[in-house]
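Visitor: Sequence and predicted structure below; questions after.
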Number of protein chains: 2
Amino acid sequence: MSKTRTHHCGQITEAQIGETVTLNGWVQTRRDLGGVLFIDLRDRSGIVQIVFNPAYSGEALTIADRARSEYVLSVTGKVVKRSPETVNPNLPTGEVEVQITEIEVLNTAKTPPFFIEDGIEVDESLRLKYRYLDLRRPEMQNTLRLRSKASKIFRDFLDEQGFFEVETPILTKSSPEGARDYLVPSRVHEGEFFALPQSPQLYKQLLMVSGIERYFQIARCFRDEDLRADRQPEFTQVDLETSFLSQDELLGMMEQLMARLFKETINVDIPLPFQRLTYAEAMDKYGSDKPDLRFGLELIQVSDLVASSGVKVFASVIEKGGEVKVLNAKGCGTWSRKEIDDLGPFAARYGAKGLAWIQVKEGEFKGPIVKFFTPEEIEALKERTGAAEGDLLLFSADTKKVVADVLGALRLKIGKQLGLINENEFKFAWVVDFPLLEWDEDAKRYVALHHPFTRPREEDLHLLDTNPDQVLAQAYDIVLNGYEVGGGSMRIYKREIQEKMFAALGLSQEEAKDKFGYLLDAFEYGTPPHGGMAFGLDRLVMLLSGRTNLRETIAFPKTASATDLMMNAPSEVDQSQLEQLHIKLAPTVKKTAEEAKA
Amino acid sequence: MSKTRTHHCGQITEAQIGETVTLNGWVQTRRDLGGVLFIDLRDRSGIVQIVFNPAYSGEALTIADRARSEYVLSVTGKVVKRSPETVNPNLPTGEVEVQITEIEVLNTAKTPPFFIEDGIEVDESLRLKYRYLDLRRPEMQNTLRLRSKASKIFRDFLDEQGFFEVETPILTKSSPEGARDYLVPSRVHEGEFFALPQSPQLYKQLLMVSGIERYFQIARCFRDEDLRADRQPEFTQVDLETSFLSQDELLGMMEQLMARLFKETINVDIPLPFQRLTYAEAMDKYGSDKPDLRFGLELIQVSDLVASSGVKVFASVIEKGGEVKVLNAKGCGTWSRKEIDDLGPFAARYGAKGLAWIQVKEGEFKGPIVKFFTPEEIEALKERTGAAEGDLLLFSADTKKVVADVLGALRLKIGKQLGLINENEFKFAWVVDFPLLEWDEDAKRYVALHHPFTRPREEDLHLLDTNPDQVLAQAYDIVLNGYEVGGGSMRIYKREIQEKMFAALGLSQEEAKDKFGYLLDAFEYGTPPHGGMAFGLDRLVMLLSGRTNLRETIAFPKTASATDLMMNAPSEVDQSQLEQLHIKLAPTVKKTAEEAKA
């Protein structure tokens, strides 16, 4: 058995000079200088230089000489100060080195498929296949360390606030509301299926019915959604629910939680309270319900000014209930025609059919549409948009949704391009007063903007039967630098309101009872007023660690096609396994595991 | 909006006398005494008496008068001392009551299907259907509170010891070694399946390859096993893994962890270090690898003494490689013939073909088999078993396994019956030196006693090819009062040994590569020596809370037939869902959801 480690590599400093230490770690680099062997030994904590010299290392030098990159060593030796010319100011341990007298090679290593160091440029699929090596790289270890710490801070805070951690089932019931479920065939109950939870929503509400009062869980959730770069089939949310708190009380507590998280992980002070925006304001000013508030560049309503202008498309859009808005790209008035035209395809991705524009040059409005405006209209536009010399006005005319999408996206693009964003700033805000419902043109019915358990505002309740699209919800999202990092709502807690809500969503009484009967029943046995929220842990860790990809924050992520490249999952299974589960592959599927092998 | 709660019910004591408080809670009981209404109001923290009196309550009395059991109230009033004759010494709040001046009924309630109080005698299936009401009962709330606290202690301890919490995937790869997998059909990859993890075993080992060094996770695990009363399809383990630690170092750390858990949850001091037993000792003395060490009553080997006796069955069993052992049931020599005979069917459940016995009465051995022994044999038996006046010797003669099962079970039964067990004692032990493999008579091959990744003892490695059944493993279980509450092992970390192990288990090289290629590959890139363990959280909470059923420790458990009675899961799903997943129900299954409805 090897000797017991006394220190971690990154801990060895001048304080240990003269001490004999035993270290465990991996060979980062080795250099042979005239018969003296220098190895950078790496463990979780950092790197230290160890030295094998014929003068004191004896047989240890012979053994060390066979070590290559990523060999695992146990070494013992004396900590000494480096000579001044060999000090490495880039290493925390750079003032010292360890003169090794004993060594054990704990394991050997083949040459890894990529360097174990930060900033490598390697195809991500290779990194995912060899994830166990990718995670050796310091930036990946630091992200996992930060994620672990973030979880601890969430738990400590919520524990102090009297939240119980309660685990809710992973094998649960399919509920076709929402995204697509992952299903799990039951062996015991032929022809029946469990579903993996899209969130613990119903369980946490039932825990409130149970009088648990404050619940939290760092919960795994599952959505079999269509693939997008930043989606994972399974993801983690910090899920919580409270009874008897008002929305303001809950939001205040959550702000404290965020402030503590950012202070204790990355030492950033978050000013409290957070800014609050209504959904309507956010859409109006930023074209987004998760605005990046690190810069201005707000959208400007000009429908009233251009409704009767000579620009036919403006007038016709407004007549059909649409609108015309302007983004004033300050200082972009000097852009070439080509630079402006290049915005077109970008805007088209967000639904724009065209992109009208005006430049302010030498005090004059310039551009193809200027001639359709009267001088009065130009004056009014100047005043409303604050257009000044060198500015570029970008017009979007379409339905409200398309205008918001197009100008919201252009705002972000131009904000970045103009360097308006301070990358070190963390700008939180609450977006509140979401609509309860939105019309789904495909399904020809209303769907819940948050979910069907969100409580309507008290004052809008009377509209639920007659004007459901005007009802606002007691729902809130927490946005940070253009990302939604959390969201929640006060919940319905009375049966009759929940039934009205189901009816507004087009569920028959029978369907409602079939799918959510237990919830409706539960509401009749003394359910307290309650509400809660959930934070996206993956995304928060991404923002805290300055990464731009959720996969970098997850130890073993899946690819955009929901594949685990390391373990090769999903995979074919034995026919006998399917038989036990009372299922068959559809005839369109070519092969089972055996057939594939045969 | 109702007023903000100032206190919890259970917090109201004499310290608050004179204060005006606002409480939220549920109506536990109500009593009307001559126009004055007394309500016991309950929240998570306890119960307090609130009073509505025409003298000060005004309209609040009228409103309160309509409240029934489990109504949810918000009340405001003044804390006063109770008159001496009305003090309730059974309540922590029994010295005071609250004179209510304001009330809001937050929600009404129907009469619940059972009383919301401890010790109810109600069919468990009714409790499970209305789990949201069952969890309102104080004993259930206390168990959930204890579970939450236990999780926190685990996390705090492991965090202090430098463990990172890392989440590993739930959607993973099927590996037919071990128990039956729950499968999840993939929508994107036709004909392929994910499996839910039986444990994070391989991921945690890969994290050690990654240099994470210390990992933990409170992990959900899934086994689609045949149904037993104390099994759940999903269960929770505190899962951990370390690099560079010796087995002794790890076990010592885990003992500290258990001591802290028991001290901080139920204020019990656990003496350290734990007793250590080898597997061979445990089986020999207690007939179990998870012995209850709160009492003695050890099994006594007598094969050598009875091998040539006149009891034919003893001689023949020994000749065939079996053995004869005795349990000396102290003081049971006075049992009637019927009492002794009643042990027969019990022993038969554990495989006994019969149960020979001898009573010591008036200094003599009595019983049907006594006549087959010589006086010398009787003397030798007396000496070996310590048989004294009033004792009952129970003999089991069979294969070693059956003898252990039968006498191990009888030992527990008689130990309980004789009151030898101190129910307030917590007796931990490590069982170590397990066999690496055991012969599976059905499969006609060796299977791993722990799992295929367990490291053989260094000194036994040479036996792996030639005498695999003699190889002992660096594996350990932690046992408590007759339960296995955790277990683990040092792991194989070299490819050639892992390949030998797979070969011993009858896997061809090709199969091994197909199923575990990534692990074998990983071992070649500098894998550190590592080992770990997992604790059964459900079972630990059961023992800490003095419950006898795992379901009492889980917020939303499943029944023995893996059913969620509250949500009615599993359930039928829509045909379209199956189509998207490229599966069909087997022809033997009668109906899909639509067909069932039609």
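Guide: Structure received.

Visitor: domain parsing for chain A?
Guide: A:9-107, A:123-274+A:474-493+A:528-597, A:295-421 (the TED database).

Visitor: so which of these gets nearest residue B:457?
Guide: domain A:9-107 (17.6 Å; CB to CB). For every residue, glycine as well, the C-beta is placed using N, CA and C.

Visitor: how long is that closest one end to end?
Guide: Criterion CA to CA, to the nearest Å; first-to-last residue distance in domain A:9-107 is 18 Å.

Visitor: mean confidence score for that domain?
Guide: For domain A:9-107, mean pLDDT is 96.

Visitor: at contact distance from chain B, anything in it?
Guide: Yes. Contact of domain A:9-107 with chain B (CB under 8 Å from any CB of the partner chain) involves A:24, A:26, A:27, A:42, A:43, A:44, A:70, A:71, A:72, A:74, A:106, A:107.

Visitor: Run the chain-centre distance for the host helix or strand of residue A:348.
Guide: Following DSSP states H and E, one finds residue A:348 within helix A:343-349. With CA atoms, centre = their mean, to the nearest Å as the basis, helix A:343-349 stands 25 Å off its chain's centre.

Visitor: buried sites along it?
Guide: Buried residues in helix A:343-349, counting neighbours by 16 or more other CB atoms under 10 Å in any protein chain shown, are found at A:343, A:347.

Visitor: which element follows it toward the C-terminus?
Guide: strand A:356-361.

Visitor: Give the other helices and strands that that next one contacts.
Guide: When contacts are defined as 3 or more CB pairs under 8 Å, 6 or more residues apart in numbering or on different chains; DSSP states H and E, strand A:356-361 sits against strand A:364-366, strand A:392-398.

Visitor: Mean pLDDT lowest where, among those?
Guide: Out of the helices and strands packed on strand A:356-361, strand A:364-366 stands lowest, with a mean of 92 (criterion: mean pLDDT).

Visitor: what's the average pLDDT for the helix or strand just after that one?
Guide: For strand A:364-366, the following helix or strand on the C-terminal side (DSSP H and E) is helix A:375-385. On average, the pLDDT along helix A:375-385 is 95.

Visitor: ok, back up a step: the domains of chain A: which one's closest to residue A:522?
Guide: The closest approach between residue A:522 and any of the domains of chain A, judged by CB to CB, belongs to domain A:123-274+A:474-493+A:528-597 at 4.6 Å.

Visitor: Would you mind finding the longest helix in chain A?
Guide: If you go by DSSP state H, chain A has its longest helix at helix A:138-160.

Visitor: what comes into contact with that one?
Guide: A:44, A:117-119, A:134-135, A:165, A:214, A:216, A:218, A:238, A:240, A:256-257, A:260-261, A:264-266, A:535, A:537, A:540-541, A:544-545, A:547, A:552-553, A:555, B:148, B:152, B:155, B:159, B:164-166, B:210-212 (CB atoms under 8 Å, 6 or more residues apart in numbering or on different chains).

Visitor: any idea of the angle that helix forms with helix B:138-160?
Guide: Taking axes from the mean of the first three to the mean of the last three CA atoms, to 10 degrees, one finds helix A:138-160 and helix B:138-160 inclined to each other by 150 degrees.

Visitor: Buried residues in helix A:138-160, which are they?
Guide: Within helix A:138-160, the residues scored as buried using 16+ other CB under 10 Å are A:138, A:140-141, A:143-159.

Visitor: Likewise for stretch A:332-344?
Guide: Buried residues in stretch A:332-344 (16+ other CB under 10 Å): A:332, A:333, A:335, A:340, A:343.

Visitor: Tell me the spacing between the first one and chain B.
Guide: Distance, residue A:332 to chain B, using CB to the nearest CB, to the nearest Å: 42 Å.

Visitor: Identify the residue spatially nearest to that residue, adjacent ones excluded.
Guide: Nearest residue to residue A:332 in three dimensions, chain neighbours excluded: residue A:392, at 3.7 Å (CB to CB, 6 or more residues apart in numbering or on different chains).

Visitor: What residues are bridge-paired with that neighbour?
Guide: In this entry, residue A:392 is beta-bridged to residue A:329, residue A:359, by DSSP bridges.

Visitor: quick one: it from chain B, how far?
Guide: From residue A:392 across to chain B, the span is 43 Å (CB to the nearest CB).

Visitor: Now do the contacts for that residue.
Guide: Neighbour list for residue A:392: A:328, A:329, A:331, A:332, A:333, A:335, A:340, A:357, A:358, A:359, A:360 [criterion: CB under 8 Å, 6+ apart].

Visitor: can we see that at 10 Å?
Guide: By CB atoms under 10 Å, 6 or more residues apart in numbering or on different chains, the residues touching residue A:392 are A:327-335, A:339-340, A:343, A:357-361, A:367, A:414.
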